[in-house]
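Trainee: build me a model from this:
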Amino acid sequence: MPPPTAAAAVPPGAPPLPPAGPTSRSSAPLASKLPALLASLLALAVLLVSLAAYQAGARRKPVLDLLDTMGGTDPAQRQAARAQLLAHPETHAPVLVGVIRSGKTRWHSDILPWLDDIPQLASRRTRQLVLERNAIDALQRMGPPAAPHVVALLSETRYGGRDTGMALLRAYGPQACPLLVASLKDPQPLIRAGVAATLGRFPSDILGSLEPLRMAARDPHPAVRVAALEALGKMQDRATQVIPDLIQALGDRTPEVQVQAASSLRVFGNQAAAAVEALRECLGAPADPVRAEAALTLAEIGGDAARAAGPELLVALRQRDGPSARQASVALVHLDLHREEALQRLTGFLRHGDVTIRSRTLEAIRSLGAQGEPLVPDIVALLDNGDDKDNRPALAALRAIQPSAIPERYRQGRRSR
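Mentor: As a prediction, the model looks like this:
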């Protein structure tokens, strides 16, 4: 009897077995070609990048030539170069923005002051500054059509052109506001924060609705929330709309956001009395800057509402040396609570061995005005301690508290200067 075949071994109704034989032979040629294929793809990518760089350079060079001409001595040529730049904002504005970004990052004098000591590099830096200055001039003259490209500057640091971008967008006026509001949804947090800060430079009547800024105050990124809260603090004619958002931000989990919320509330003075309870909670915050800013704001609010925070301020005063103890002492003097203990604490700060603590205390007590007169003898003593770093803040404090206590020799010096 012959042996059963493969077909006979398959049960009735089952799918047929695949044909027998090796299956790896067909994949072997593909594996041998893979390195060559990857090399070809890499070469293509390099070629595309090189082509893009060449095209960018080709677009950039004519613009740089025009910027160089704008820095020349011939008025007619300068005017003609400027006119050519302004004629095509859609193509020239991106290059101009790139000039500002590269110039600020590489050559800013605050970062690389030593370049002036190297003639060749100093010459390059001088040219870069000329290009940058002319690029800013051209972008400002272009007006709102350049705004979509200028927004990119907001993603830079202040040395990379961030402040320049904010100034340009503000100079474009109300026509830039719709673009800025739309940019609050940009995926980059730095751009959203820069946009919020820029909107804060516009008067509230130009902005119209504050809803975009109020939404930005609840942005997931803390830097955006800080910028939006700072902007809202500038809308003093919209106190009833703004103050609830600032009070809500006092409960934020990020100390920087809490500090900015308290700082923005301070400008509203006694209109922010509704924030007292939240500020009292901030006086117990773990972060010392939060406690210090809360104390400052309570002093500015004043009145019976702020006096209710006396127990919390006293606890902050008795903390170890730090901004919150200093500002709580100032606030208690302002509010006429525990005055003797607060003045004694401030006297201790004025006699502190650290000149930085003394200077910051002198700066803080300037707001006391005539209420700070008991501190005058210690302030005058700082003028005679031989440390010149105390002189300027001490004189400023005396001018604010009791000008007649300034020693004659300093008055004469001021007149002679």
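
Trainee: tell me how far the closest residue to Leu154 other than its chain neighbours lies from Arg162.
Mentor: Distance criterion Cβ to Cβ, 6 or more residues apart in numbering; nearest residue to Leu154, sequence neighbours excluded, is Gly194 at 2.9 Å. In this view, the C-beta of every residue, glycine as well, is placed from N, C-alpha and C. Gly194 sits 6 Å away from Arg162, going by Cβ to Cβ, to the nearest Å.

Trainee: can you give me the domain boundaries for the chain?
Mentor: Annotated domains of the chain cover 54-174, 276-417 [automatic domain parsing].

Trainee: of all those domains, which one is nearest Ala36?
Mentor: Nearest to Ala36 among the domains of the chain is domain 54-174 (26.6 Å), distances taken as Cβ to Cβ.

Trainee: mean confidence for the host helix or strand of Leu85?
Mentor: Element membership of Leu85 [criterion: DSSP states H and E] is helix 75-87. Mean pLDDT, helix 75-87: 90.

Trainee: neighbouring contacts of that helix?
Mentor: 63, 66-67, 69-72, 92, 96, 137-138, 141-142 (Cβ atoms under 8 Å, 6 or more residues apart in numbering).

Trainee: please identify the buried residues of that helix?
Mentor: 78, 81-82, 84-86 (16 or more other Cβ atoms under 10 Å).

Trainee: my guess is Thr254 meets His221, correct?
Mentor: No - using Cβ atoms under 8 Å, Thr254 makes no contact with His221, being 9.8 Å away.

Trainee: so what's in contact with these two at the same time?
Mentor: In contact with both Thr254 and His221: no residue, using Cβ under 8 Å, 6+ apart.

Trainee: on that earlier part again, now the very next helix or strand once past the helix holding Leu85 against helix 75-87, angle please.
Mentor: The helix or strand immediately downstream of helix 75-87 is helix 89-107, counting by DSSP H and E. Put simply, helix 89-107 runs at 110 degrees to helix 75-87, going by axes from the mean of the first three to the mean of the last three Cα atoms, to 10 degrees.

Trainee: mind giving me the packing neighbours of the helix or strand following helix 89-107?
Mentor: Using DSSP H and E, the helix or strand that follows helix 89-107 towards the C-terminus is helix 119-142. Under the contact criterion of 3 or more Cβ pairs under 8 Å, 6 or more residues apart in numbering; DSSP states H and E, helix 119-142 touches helix 27-70, helix 75-87, helix 89-107, helix 162-171.

Trainee: cutoff 10 Å now
Mentor: Judged by 3 or more Cβ pairs under 10 Å, 6 or more residues apart in numbering; DSSP states H and E, the packing partners of helix 119-142 are helix 27-70, helix 75-87, helix 89-107, helix 147-150, helix 162-171.

Trainee: I'd like to know which elements the fourth one is packed against.
Mentor: Contacting helix 147-150 under the criterion 3+ Cβ pairs under 10 Å, 6+ apart are the following elements: helix 89-107, helix 119-142, helix 162-171, helix 177-183.

Trainee: circling back to that earlier point, now render the buried residues of helix 75-87 as CSV, adding distance to Leu383.
Mentor: Compiled in CSV, those are given as follows (distance: Cβ to Cβ, whole Å):
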residue, distance to Leu383
Arg78, 54
Ala81, 57
Arg82, 54
Gln84, 61
Leu85, 56
Leu86, 57
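
Trainee: closest to Ala308 among the residues you listed?
Mentor: Nearest member of those to Ala308, counting by Cβ to Cβ, is Leu86, at 59.9 Å.

Trainee: quick one on the thing from earlier: looking at the buried residues of helix 75-87, which one is closest to Ala152?
Mentor: Leu85 (18.0 Å).

Trainee: ignoring the adjacent residues along the chain, who's closest to that closest one?
Mentor: Leaving aside its sequence neighbours, Leu85 sits nearest to Ala138 (Cβ to Cβ, 6+ apart; 4.6 Å).

Trainee: surely the one you found touches Met70?
Mentor: Yes - under the criterion of Cβ atoms under 10 Å, Ala138 makes contact with Met70 at 7.5 Å.

Trainee: more crowded one of those two?
Mentor: Ala138 (25 against 22; other Cβ atoms under 10 Å).

Trainee: who touches the more buried one in this structure?
Mentor: Applying Cβ atoms under 10 Å, 6 or more residues apart in numbering, we find Ala138 in contact with 63, 66-67, 70, 81-82, 84-86, 89, 92-93, 95-96, 99, 146.

Trainee: need the contact list for the spatially closest residue to Arg201 that is not a sequence neighbour.
Mentor: Ranked by Cβ to Cβ, 6+ apart and with sequence neighbours excluded, the top spatial neighbour of Arg201 is Arg170, at 4.6 Å. Contacts for Arg170 were tallied using Cβ under 10 Å, 6+ apart; they are 176, 180, 197-202.

Trainee: of those, closest to Glu300?
Mentor: Gly200 (19.8 Å).

Trainee: neighbours of that closest one, how many?
Mentor: Gly200 - counted by other Cβ under 10 Å - has 22 other residues nearby.

Trainee: what backbone torsions are found at it?
Mentor: phi -70, psi -10 (degrees, to the nearest 10).

Trainee: thinking again about what came up before, for Ala364, find the nearest of the helices and strands packed on helix 147-150.
Mentor: Comparing the helices and strands packed on helix 147-150 by Cβ to Cβ, helix 162-171 comes nearest, at 28.1 Å.

Trainee: give the buried residues for that closest one.
Mentor: Buried residues in helix 162-171 (16+ other Cβ under 10 Å): 162-166, 168-170.

Trainee: now swap in stretch 141-155 and tell me
Mentor: Applying 16+ other Cβ under 10 Å to stretch 141-155 flags 142-144, 146-155 as buried.

Trainee: nearest spatial neighbour of Ser102, chain-adjacent residues omitted?
Mentor: Once flanking residues are discounted, Ser102 sits nearest to Gln128: 7.9 Å by Cβ to Cβ, 6+ apart.

Trainee: secondary structure class for Asp384?
Mentor: Classification of Asp384 using DSSP: H, G, I helix; E, B strand; the rest coil returns coil.

Trainee: that older thread, which stretch among the helices and strands packed on helix 119-142 comes nearest Ala272?
Mentor: That would be helix 162-171 among the helices and strands packed on helix 119-142, by Cβ to Cβ, at 26.7 Å.

Trainee: could you dump the closest one to PDB, C-alpha only?
Mentor: In PDB, the C-alpha atoms belonging to helix 162-171 read as follows (Å, rounded to 0.1, in the frame of the first residue of the first chain):
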ATOM      1  CA  ARG A 162      11.700  89.000  22.200                       C
ATOM      2  CA  ASP A 163      11.400  92.600  23.500                       C
ATOM      3  CA  THR A 164      11.900  93.900  19.900                       C
ATOM      4  CA  GLY A 165       9.100  91.800  18.700                       C
ATOM      5  CA  MET A 166       6.800  93.000  21.500                       C
ATOM      6  CA  ALA A 167       7.600  96.600  20.700                       C
ATOM      7  CA  LEU A 168       7.000  96.100  17.000                       C
ATOM      8  CA  LEU A 169       3.700  94.400  17.500                       C
ATOM      9  CA  ARG A 170       2.600  97.200  19.900                       C
ATOM     10  CA  ALA A 171       3.600  99.800  17.300                       C
END
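
Trainee: thanks a lot, see you next time.
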